[in-house]
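S.K.: No letters, just coordinates:
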C-alpha cells in the first residue's frame, strides 16, 4: 500500500516526481495515450484514451462489423453488451450482478428511473433536488412531470435544506452524488437513510462518482442510480450511460421507454410489450456497439485496480493541489469551492475567481487543460489512473504564473458576458 | 443512365456478370469492405462496412479523442454532429435543412415524436397502427400511453383497414413505411393525405426506407418521421437514429425527453429547461461520438449518388430475384411475401416457407447471408450500393440447391419451435 501522507508537502517539482515514481498506480499511466506537453485535468469531462481501446475498436470495426457482419450480434457478444458491461460497472459501485445495465444516455436513464420511482410512490407529488444539481437531471424531471400532467412539483432547495424538506410529500430525492461544479460529495448512506425514514426513494446521479470515488450502493440501501461512461470511466466521447435499479424494485414497474431490446422475447416480434425480467427491462433500443466497445475498455482498466487505491491517490492529488494553491497563489482572489474536508470531496478541485474564464483560457494556452464553468469556476479534474503529482505541480505553477503576471484591466481580460 | 430492363431476364451467371460490369453504381461496390466468399443479403439489418469508415474512425479515436481530447467538441465539430448529419440525411428523405437531427435510438425517437403528435391533437385518443408494424414502435406507443394515464388507445388494424379507421378519433397514424418482414411499401403521399383529411397527424418510421427508396417527406406533407442509421445507411452496428419534424410543428411542443443538449443554452447551466428553437430541441443527451462518426461515413456515401439511381437498381435486383425464384424454385413451397408490383416494394425480397428457419441456416452455411423472421419468413435485403446481380444469381442458385436436395423429414429439418 502506498502511503502518500508521509510526503504530502512536497516543496519542489522533484518531490512530486519522487511521489510519482513510488505511486502504486503509476503502472496505470502507461495504459493511456496522452498528448505530449499537455497537463490534462479535464478527465472528469472527457476521460483520456485507454491504449487498449484503439486496438479493440479496430477489431470491432474490421473483424466484428466488417467480416462477421450480422452474425456478431451473437458471435461477438454484441447482444450481451448492456448487461455484460453493466455487471462490470456493478463491481465498481457496490451493486450486484443483474442490477446494472449500460444503455442510452444519462439523461434518458434519469427519465426511466425517475418514472419508476414516482410510480412506486403514487401518493406523493414532490421530486426533491437541489438548484445546483446538473441541469439535465432537472430538465428530464421537468419533461417527465409535464408528461404526467404537472401533478408533481420539482422542488429545488439548497443543500443545507434537504433534510428539512424530506417529508410525507417527498416521492423521490434526486441528487448528483458529487457536484459537477464544486466537487462536493454527499453522504449517500446518511441521505438515503433520511429519505427512507421519510418514506421517499432515492435516485443518485453518479456522473462524477463512478470511477472517481468508492461507492457501495447496496450498503447504502440505494434505490435507483444513473451514471456516465465518458468521464472517469474513460469510455470515449458520448459513451453510453448506465443505470442501477435495486433488485427489490426491478419487477415492480414497467419503465415507459419500453423498447424492443427490453422485451422478454425481442425476437418473437410480439406486438404487445412484455418486459424482460429484472434490470434488462430498462434497455430500450439497439445499443451503439462501437461506443459500447470503447466503454468496455475503459471499464476493464478499473477491474485491474481497486477503488480504495484510486481514492487514496485521488485525495493525495487534491490535497496537494489545495496545499500548493494555498502556498503559492495566496492573495490572487482565488477562493476554494471544493470542501477542505476530504470526506466531502469528489475527485476534482474547483476555485472561484472573478476572471475564471480568462484564467482558464490562459491556462489552456500553456497546455494545462481544465474547465471553466459559469459564472466564475475554475475546475480541475483529478483522474488517479493517469494524473500525476507532477501534473498537479505543473498546473499550479502555470496558475501562479498567470495570476502573478496579468492585470485584469487589460482589454483581453475583461469579463466575458456570453457563455460558450 | 443505366437501363437494366433490356437485359432483365439473364439466363446465366454470365448474363448477371455483364449486368454488374455495366452497372452505373458498380463504382460504389469498391467503397465497401465485404468478406470474401460471402453473399451478404442482410444489409437491411446491418449495413456493410464502408471502406472510409475505418480510416475515419481511426482519426476520431487517435486524433480527435486521444490528442485533442475535450477541445474536440468544438475543434473536431462533435457538438454539431446531430444537426450536421441530420442535414445530410434530410437530403436523402426529401426534408429541408433544419428538419432532421441524429440522436438516440429509433425507439426513443418514436417516443419523442409520438408525444409531440399526441400533444398537437389533445382531443383525440387513438393511435392508429398495424399489427405487423415493427414491434418497438408499438412498444414505445404502449409505454407512452401508460405514462399518459391510459387515456389513449393503440388501435392495431390490418393494412387494408387503415382508411376506414381514420376518423375524428385518430390522433396519429403510426406506420412503418416499408414493412420489415414483407418489404411491402406504403404510399406515403396517399396515406398522409387521408390522415390529414381525417384531421390526424402522421408518424412515419423510415427504418427500411432511408437509403433504400426515394423519399420526399415534404412533398407528402409528412408531419413526423424517425429512421435508423445502421441498416441501409451503413452507419455501423447500433448507429444512432434520426428524426424528422416538419418545420410547422417544431416550436409547437416541448418534447418530454428534454435533455441538456436540446436546451436553448446548454452551457448556461440554467436549472429551468428552455427548449432550443427548431428541431434541435429533439436532441437529448450527449451523443455517442464514435458511433456518430461511423454513421456520417455511411451517409456521405449516399451524397455522391442519387436515390433515383439507387431505386432503379434496387428494383432491377428484386425483379431478378423474383424472376429467378419463379423459374428455378417452383414447386418447393416458396411463396412470395413481397409485392410483385414494384411500386409497392421496398428494397428486399421475402418468401414464406414452412421450413424457413432451416433453409436460412443452410443458406448461411453456404455463405448466403439473409434473415429468418418468425414464423416462416426468408428475408433477403438488397442494398444497391454493394449488392451485385451475380450475388442474386448465387443466392437463388444456393436456394435452389438446398430446396432440391433436402427432405424435411430428416430430424435436423424439423421445425424449430423456439425463436432465437
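M.R.: All right, it came through fine. Please read these numbers as outputs of a predicted model, since none were measured by experiment.

S.K.: so where does residue A:110 fall, helix or strand?
M.R.: Using DSSP states H and E, residue A:110 falls within helix A:106-120.

S.K.: helices or strands next to that helix in the packing?
M.R.: For helix A:106-120, the elements it packs on are helix A:135-147, strand A:170-176, strand A:201-205, strand A:224-227, strand A:242-245, judged by 3 or more Cβ pairs under 8 Å, 6 or more residues apart in numbering or on different chains; DSSP states H and E. (C-beta placed from N, C-alpha, C; glycine too.)

S.K.: quick one: is the following helix or strand past that helix near chain B?
M.R.: Beyond helix A:106-120 on the C-terminal side, the first helix or strand identified by DSSP H and E is strand A:126-130. No - Strand A:126-130 does not reach chain B (Cβ under 8 Å from any Cβ of the partner chain); its nearest approach is 8.8 Å.

S.K.: Neighbouring strands of strand A:126-130 in the sheet, and parallel or not?
M.R.: strand A:153-157 (parallel), strand A:170-176 (parallel) (DSSP bridges).

S.K.: Mean neighbour count, these: which tops it?
M.R.: strand A:170-176 (a mean of 25; mean count of other Cβ atoms under 10 Å in any protein chain shown).

S.K.: what does the helix or strand just after it contact?
M.R.: Remark: after strand A:170-176, the chain's next helix or strand is helix A:188-197, criterion DSSP H and E. By Cβ atoms under 8 Å, 6 or more residues apart in numbering or on different chains, the surrounding residues in contact with helix A:188-197 are A:162-163, A:166, A:170, A:173, A:175, A:177, A:201-202, A:204, A:215-217, A:219-223.

S.K.: Give me the buried positions along helix A:188-197.
M.R.: Across helix A:188-197, burial judged by 16 or more other Cβ atoms under 10 Å in any protein chain shown covers A:188, A:191, A:192, A:194, A:195, A:196.

S.K.: now do stretch A:241-249
M.R.: A:241, A:242, A:243, A:244, A:245, A:246, A:249.

S.K.: Could you single out the nearest of these to chain B?
M.R.: residue A:241 (7.3 Å; Cβ to the nearest Cβ).

S.K.: Now for that closest one: which residues touch it?
M.R.: A:102, A:103, A:104, A:105, A:106, A:108, A:109, A:226, A:227, A:228, A:229, B:285.

S.K.: again, but for residue A:109
M.R.: Residue A:109 neighbours (Cβ under 8 Å, 6+ apart): A:103, A:226, A:241, A:242, A:243, A:282.

S.K.: Show the buried residues in the contacts of helix A:188-197.
M.R.: A:162, A:166, A:170, A:173, A:175, A:177, A:201-202, A:204, A:215, A:217, A:220-223.

S.K.: Format the strands paired with strand A:126-130 as CSV; extra columns: mean pLDDT.
M.R.: Shown next, in CSV, are the strands paired with strand A:126-130 (pLDDT from 0 to 100):
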stretch, mean pLDDT
strand A:153-157, 98
strand A:170-176, 98
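
S.K.: Now the two most distant members of the contacts of residue A:109.
M.R.: A:241 and A:282 (11.1 Å; Cβ to Cβ).

S.K.: hey, what's in contact with both of these two?
M.R.: A:103, A:109.

S.K.: For the residue of the stretch 151-300 of chain A found nearest chain B, give its distance to residue A:205.
M.R.: Residue nearest to chain B within the stretch 151-300 of chain A: residue A:285 (2.8 Å; Cβ to the nearest Cβ). Counting by Cβ to Cβ, to the nearest Å, the gap from residue A:285 to residue A:205 is 22 Å.

S.K.: for the residue nearest to residue A:177 when sequence neighbours are not counted, what are its contacts?
M.R.: Spatial nearest neighbour of residue A:177, chain neighbours left out: residue A:209 (4.4 Å); criterion: Cβ to Cβ, 6 or more residues apart in numbering or on different chains. With contacts defined as Cβ under 8 Å, 6+ apart, the neighbours of residue A:209 are A:93, A:177, A:178, A:185, A:215, A:227, A:232, A:346.

S.K.: Thanks again, I'm all set now.
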